[in-house]
Every structure is written in structure tokens, then in C-alpha cells.
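In: kindly return the folded structure for what I paste below:
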Amino acid sequence: MRWLAVVWLALWLAPAWAQQAEPGCTAQVLAIQAAKGDADGRRPGPEAPWQSVTLPDDWSARWPGYGGTAWYRIDWQRRCPDGAAGQVALVLESVVMAGEAYINDERIWSDPQLTEPLSRSWNMPRYWLIPDALVRDGVNTVWVRVVGVAGQSPGLGPVYLGGQPEMQQRYEELWWSNRTLFTLNLIVSAVMGGLCFCIWLMRREQRTYGWYALMALFWVMFIANVLITSPWPFPDSATSARANIMALVMYVACFCIFTWRFGGQVLPRIEKALWTLSALLLAMVAFLPQAYQPEVQLAAVLIVSAVFFINCLQFPFHAWRTRRPEHIMLAACLLVFFAASAHDLLRILKIIDSKDSYTPFTSVVVTLCLSAVLGLRHARSVRRIERFNQELADGIEQARTELATTLEREHTLALANARLQDRLQIAHDLHDGLGGSLVRMMAMVEQADEPVQRQQFLSMLKLLRDDLRQTIDSGSSAGVKVPATPREWIAPLRHRFMQLFDELGIAAGWRFPEQWLTPPSALQCMALTRLVEESLVNVLKHSRARRVELELRQAQAGQLELRIEDDGVGFDVAAVLRAGISVGMRSMHTRIARVGGELEVASRPGRTVLVATLAPRPLQA
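Out: Below you'll find the predicted structure:
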């Protein structure tokens with residue numbers, strides 16, 4: 001069954017094959033002539049000096065320095081085999097710079113701008129299928145008007161006449177080589193430049209990518225000259241040519257800097273010379289009069305081409321010395337650049353006869369090269385990250401071991417320090433609490449007129465017991481209830497000391513508010529209690545004072561100030577603190593600082609003042 005289907009398909013397609021195989025009409029070019037147009041662009045008459053030319057034609061060699069209109073006359077004749085039918089097609093490869101076309105006397109195409117600024121048809125293939133109504137029997141004529149600018153290779157490119165299938169294929173080939181390849185080159189260059197620009201934005205230290213992005217920008221500006229057909233934004237073709245040459249100069253300069261940065265080459269003098277040469281060429285192209293521009297622009301192209309070729313050749317030697325894979329890849333890419341650019345430059349200068357242009361293919365080479373370089377660098381970065389992660393893990397493990405040893409050692413030191421602090425705290429508590437009580441009782445016994453009775457002695461011992469218990473329980477004083485009012489808090493201390501003060505003839509003033517604005521914490525209350533006890537004991541032991549004033553102030557909520565003042569003999573505060581022999585003084589400062597307060601002591605003969613300032617708030621024990 002399969003072979004029957006194949007035979008049926010062959011029989012069904014046979015008429016189409018036979019029809020395609022039939023020969024169609026062709027065209028024979030009889031003569032090609034050219035002549036200058038009138039000042040208003042009109043076609044010259046038969047009496048004009050028509051000259052035979054060959055296409056492609058550049059009238060600069062025939063009419064040096066001429067810019068304006070030229071007409072090309074292409075005489076041709078349609079030839080059709082007996083019984084054959086078919087239309088003739090016309091293909092114009094290029095018109096430098098703008099123009100229009102006629103079949104016999106009928107216009108079939110015209111550029112939008114035939115005066116400055118001229119349209120740009122120099123790289124725009126055009127195709128027409130000539131209607132039979134426009135074709136005469138015998139000799140026909142294709143008239144092409146060309147408007148060109150002196151110094152920019154004005155003239156007409158190849159013209160093709162023939163059967164429709166052949167001309168359609170030729171037009172597609174020309175469109176591919178003259179438009180599509182350059183469009184792909186521009187797109188790839190713009191994408192790679194944008195990618196490198198984004199990489200540079202993220203990591204400004206990667207200046208190689210920044211130079212590549214700048215190089216790609218100028219290359220896109222230069223290669224766009226091949227594709228644009230509109231004169232915008234330039235006022236005339238000469239200005240457009242100047243801008244194009246300037247873009248080429250900047251592209252080559254950035255290209256050199258990119259390769260040197262990529263290869264790690266440090267060439268300060270050569271870089272300075274490069275930028276000096278570039279600035280000189282830019283100034284000449286931008287400011288010299290138009291009369292000198294053809295020679296100046298040609299010289300600029302030759303100079304920057306020489307710089308480009310020298311750089312393409314020197315980098316492979318550098319890559320051979322470094323032996324780094326990415327340098328070798330770029331060196332291979334530059335050799336491809338060298339070959340393609342040299343071929344196209346010789347073609348443009350008409351030193352070699354070639355219709356092919358290889359520059360558009362270089363974007364593919366760039367893409368492959370940079371992709372390989374980026375992939376190589378990415379793989380290297382991944383390996384570096386993996387190695388760093390392993391080193392980091394090993395370092396963390398080692399640090400963890402060392403930290404465990406250090407913590408164990410610090411824990412041991414902390415335990416020893418805690419024991420020392422506990423002992424110091426107990427010493428302060430015994431000094432401030434029990435010591436004060438003993439001093440009071442000793443003073444009472446010394447000042448008594450008669451022996452101490454049993455009941456009174458027993459009361460003293462109970463008081464010592466209570467002070468000792470309070471000292472032992474001071475570590476958990478955060479849970480102790482704070483007295484409801486300041487006067488309730490100071491009452492026990494006032495009762496203890498007033499009996500001694502009365503017997504010794506010491507007057508005492510106790511000024512305490514009726515309510516707390518902000519109650520202190522239990523620890524703060526205990527610290528103030530010890531401060532009062534130690535201060536009053538010092539008055540009894542050392543000051544020989546005749547009057548003592550105690551005052552508690554709360555000027556505003558959140559601030560509490562306790563002031564103790566006597567009129568004793570005083571002492572040298574700085575000397576006592578510097579010597580460090582006063583346990584009581586150290587104890588008072590330590591207690592107040594521990595509960596977040598400050599203690600100020602001022603003393604001179606006849607006046608000693610202690611001021612403790614606290615910010616009442618709940619504190620941790």
C-alpha cells in the first residue's frame with residue numbers, strides 16, 4: 001500500500017513540476033549609460049554627454065568633487081521563448097545616496113527625500129515585478145536618478161533584470177546579506193552590551209564589563225549607519241558621515257581599553273597616546289571645513305583601522321605569555337576580527353573585488369567568545385565559593401572548639417568571681433548593717449549612766465539578730481515589699497538613731513514627703529536604707545557633728561534624691577577615695593551604682609553633704 005501512495009503522490013505533483021520546469025521570460029541588458037542631471041534634477045536629453053559605464057558605478061573617479069544628480073540609462077530587451085509567458089523583475093542593490101526609478105517613462109519608486117537631508121538607500125535592496133503594461137516591444141529603458149554627495153562614493157549599485165523566480169531569489173539573498181545580517185549584528189551587540197552594562201552596575205569594580213558596554217554602544221551607533229534609511233536626526237548627509245566616523249573612532253578607542261583591561265595589561269603611556277590621537281581625530285572630523293572632509297575621514301578610517309589591527313595582533317602574544325584560558329579565547333576571537341575587518345576594509349577601498357562582507361558575522365563570534373569567557377569565570381567563581389565554604393566550615397569548627405574551651409575557662413573564672421563578689425557583698429552588708437548596729441549599741445553602753453539591764457541587753461541582741469537576718473536575706477530583697485510611704489520607710493531608722501542622737505546632744509531633722517510620686521524598687525529601697533545607716537554611723541563615729549539633716553526629694557515622677565548633711569569636722573573626700581581604705585565609702589558608692597543611681601559626696605570643715613540620685617523603676621535583683 002505504501003508504494004501505491006508514493007506513485008499516486010508522484011503523479012499528482014507531476015503537472016506542477018512540469019509547469020515549474022517550463023522556461024520563462026528573461027531580460028537582456030543592451031547598454032548602460034550615465035550623465036549629469038540638470039540643476040533642478042531633470043533628466044538630460046539625448047544631446048547630453050551620455051557616457052557608458054559599468055555597474056556598480058562610483059562617479060567620483062569620473063567626475064571628481066561632483067555632488068548632485070546623475071541619471072543612469074539602462075537599455076534592455078525582454079526575451080521570451082516561443083509560447084512562454086511571464087513577467088520580468090527588476091532588482092536595485094543600492095542607490096548612493098537617494099534616488100528614484102522609472103520603467104520607460106513611468107515612475108515606479110522614489111525616495112522621500114531627494115534634497116538635503118537625503119534619504120539613505122545606499123544599503124537598501126529594492127525589488128519590483130514589472131507589469132506587462134509598462135513593457136514595450138523591442139528596446140525598453142530603466143531610468144534611475146541618483147542624488148549623491150561628493151566624497152561619499154556617490155553612484156549606482158548593481159542592477160539586475162530577469163525572470164521573476166531568479167530575481168526574487170537574488171533579492172532575498174541581497175536582503176539577507178545587506179540588511180538581516182547587520183540587524184542581527186546590531187541586536188546581538190546591543191544585548192551583549194546591555195548585559196555587560198548591568199554586570200558593571202552591580203559590581204563597579206568590574207571595569208572590564210563597563211568598557212565593553214561602552215564599546216558596544218559606539219559599535220551600535222556605527223553599525224546603525226548601515227540600516228537607517230531616514231536622515232534624522234542629522235541636518236544633512238555630511239553631518240551624518242562625520243558622526244559615523246566619530247563613532248568609529250570612539251569604538252576603536254574603547255575596544256583597545258577593553259582588551260587591555262581584560263588582559264590585565266598596564267599601559268599608561270600607550271593609553272595616553274591613544275586618547276590623545278582619538279581626541280585629535282575627533283576634533284579634525286568635527287571642526288575642519290567640508291572641503292577637507294573626504295581626505296580627513298579617509299585618513300581617520302585608515303588610522304583607527306591600523307590601531308585596531310595592531311591591537312588584534314598584540315593581544316595573542318600577551319595571551320601566549322599568560323596562558324590563561326580566557327585570554328586565549330579572546331585572542332582567538334580577535335584574530336577572527338582581524339581577518340574579517342581586513343577583508344571588508346580592502347573591499348571598501350576597492351583594493352580587492354569581493355561582494356561578500358564578513359563583519360556582520362563577527363557578532364556571533366563575540367557572543368560565543370564572551371559566553372565561553374563568562375561560563376569559565378562562573379565555573380571558576382563557583383569553585384572558589386565551594387572552596388571558601390569548605391574553609392569557612394573548617395574555620396567555624398575550629399572556632400567552635402576554641403570557643404568551647406574559652407567559655408569553659410571563662411565559666412570557671414566567672415564562678416570564682418561570683419564567689420568573690422558574694423564575699424565582698426557579705427562584707428559590705430555586714431559592715432553597713434550589723435556593723436552599724438554594733439556601733440550604735442557600743443555608743444549606748446558608753447553613754448549609759450548605769451549598767452545595762454538584762455532586758456535592755458536582750459533587746460540589743462534581738463536587734464543584732466534582726467540585722468543579721470536582714471543581711472542574709474538581702475540577696476532576695478527584690479521580693480520584699482516596699483513601704484507604702486517615705487515616712488513609713490524611714491520610721492525604723494529614725495527610731496534607732498534618735499535615742500543615740502538625743503543622748504549625745506545631736507539635733508536631727510527628718511524631712512520626708514507623705515507619698516511616693518514613683519515608688520522605688522525593693523533593691524533601691526534597700527540601698528537607700530544602707531546608705532542612711534552608714535552615713536549616720538559615720539556621723540556618730542567620726543564627725544563630732546552637732547546637727548544632722550536628712551531630706552528626701554521627689555521634684556518629678558521618675559526622679560528621687562536623698563540628701564544627708566551634717567556640720568561635723570569633715571574629711572578629704574579625694575584622699576579617702578584615692579587611698580581606698582574606707583570600706584564604708586566604697587560600699588555606699590557600690591550600692592547606689594548597682595541600683596542605677598549616682599552618689600555625690602562633698603565635705604569641708606563644718607559641712608559634709610551626701611546626695612544620692614535615683615530613677616525609681618523596677619530592677620532585677
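
In: and residue 185, what does it touch?
Out: Residue 185 sits next to 223, 359, 360, 361, 362, 363 when contact means Cβ atoms under 8 Å, 6 or more residues apart in numbering. Heads up, the C-betas are built off the backbone N, CA and C, glycines and all.

In: would you check that the third one makes contact with residue 181?
Out: Read that as residue 360. Yes: judged on Cβ atoms under 8 Å, residue 360 makes contact with residue 181 at a distance of 3.5 Å.

In: the more surrounded of these two?
Out: The residue with the greater number of neighbours, taking residue 360 and residue 181 and applying other Cβ atoms under 10 Å, is residue 360; the counts read 23 against 19.

In: how many residues are close by residue 606?
Out: Using other Cβ under 10 Å, residue 606 has 11 neighbouring residues.

In: now swap in residue 243 and tell me
Out: When counting by other Cβ under 10 Å, one arrives at 17 neighbours for residue 243.

In: leaving out sequence neighbours, find the closest residue to it.
Out: With sequence-adjacent residues excluded and distances taken as Cβ to Cβ, 6 or more residues apart in numbering, residue 243 is closest to residue 234, at 6.5 Å.

In: ok, that neighbour to residue 33 distance?
Out: Counting by Cβ to Cβ, to the nearest Å, the separation of residue 234 from residue 33 is 33 Å.

In: same thing with residue 376?
Out: In this view, residue 376 and residue 33 are 60 Å apart by Cβ to Cβ.

In: residue contacts, the residue nearest to residue 243?
Out: Going by Cβ under 8 Å, 6+ apart, residue 234 touches 117, 240, 243.

In: and it, its phi and psi?
Out: With angles defined as degrees, to the nearest 10, residue 234 sits at phi -90, psi 150.

In: can you select the buried ones from the contacts of residue 185 in PyMOL?
Out: Below is the selection syntax for PyMOL that covers the buried ones among the contacts of residue 185, with 16 or more other Cβ atoms under 10 Å defining burial:
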select buried, resi 223+359+360+362+363
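
In: which one of the contacts of residue 185 is nearest residue 251?
Out: Checking the contacts of residue 185 against residue 251 with Cβ to Cβ, the nearest one is residue 223 at 9.3 Å.

In: excluding chain neighbours, what is closest to that closest one?
Out: The spatially closest residue to residue 223, leaving aside those adjacent along the chain, is residue 186, at 5.2 Å (Cβ to Cβ, 6+ apart).

In: and for residue 240?
Out: Nearest residue to residue 240 in three dimensions, chain neighbours excluded: residue 234, at 4.1 Å (Cβ to Cβ, 6+ apart).

In: how much space between that neighbour and residue 95?
Out: With distances taken as Cβ to Cβ, residue 234 is found 19 Å from residue 95.

In: and residue 609, its phi and psi?
Out: phi -130, psi 130.

In: which strand residues bridge it?
Out: Here residue 609 sits in beta bridges with residue 565, residue 602, going by DSSP bridges.

In: spit out the contact partners of it.
Out: Contacts for residue 609 (Cβ under 8 Å, 6+ apart) come out as 563, 564, 565, 600, 601, 602, 603.

In: ok, back up a step: quick check, nearest of the contacts of residue 185 to residue 53?
Out: The closest of the contacts of residue 185 to residue 53 turns out to be residue 359 (Cβ to Cβ; 27.8 Å).

In: list the contacts of the helix or strand containing residue 169.
Out: Assigned by DSSP states H and E, residue 169 belongs to helix 164-175. Contacting residues not belonging to helix 164-175 are listed as 24, 86-91, 93, 125, 127, 129, 160-162 [Cβ under 8 Å, 6+ apart].

In: and what of stretch 59-71?
Out: So stretch 59-71 is contacted by 34-39, 41, 43-44, 51, 53, 143-151, 153-156 (Cβ under 8 Å, 6+ apart).

In: list only buried entries from those.
Out: Buried by 16+ other Cβ under 10 Å: 34-37, 44, 53, 143-151, 153-156, out of the contacts of stretch 59-71.

In: hey, C-alpha coordinates of stretch 37-52 in CSV?
Out: The C-alpha trace of stretch 37-52 is given here as CSV (Å, rounded to 0.1, in the frame of the first residue of the first chain):
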residue,chain,number,x,y,z
GLY,A,37,21.4,65.8,-14.3
ASP,A,38,20.3,69.4,-14.6
ALA,A,39,20.4,71.8,-11.6
ASP,A,40,16.7,71.1,-11.0
GLY,A,41,17.2,67.3,-11.3
ARG,A,42,15.5,66.9,-14.6
ARG,A,43,16.5,64.1,-16.9
PRO,A,44,19.1,65.1,-19.6
GLY,A,45,18.1,64.9,-23.2
PRO,A,46,19.7,62.8,-26.0
GLU,A,47,22.1,65.6,-26.8
ALA,A,48,23.6,65.3,-23.3
PRO,A,49,27.1,63.8,-23.0
TRP,A,50,26.0,60.3,-22.0
GLN,A,51,28.9,58.0,-21.1
SER,A,52,29.0,54.2,-21.0
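
In: with that, I have no additional questions.
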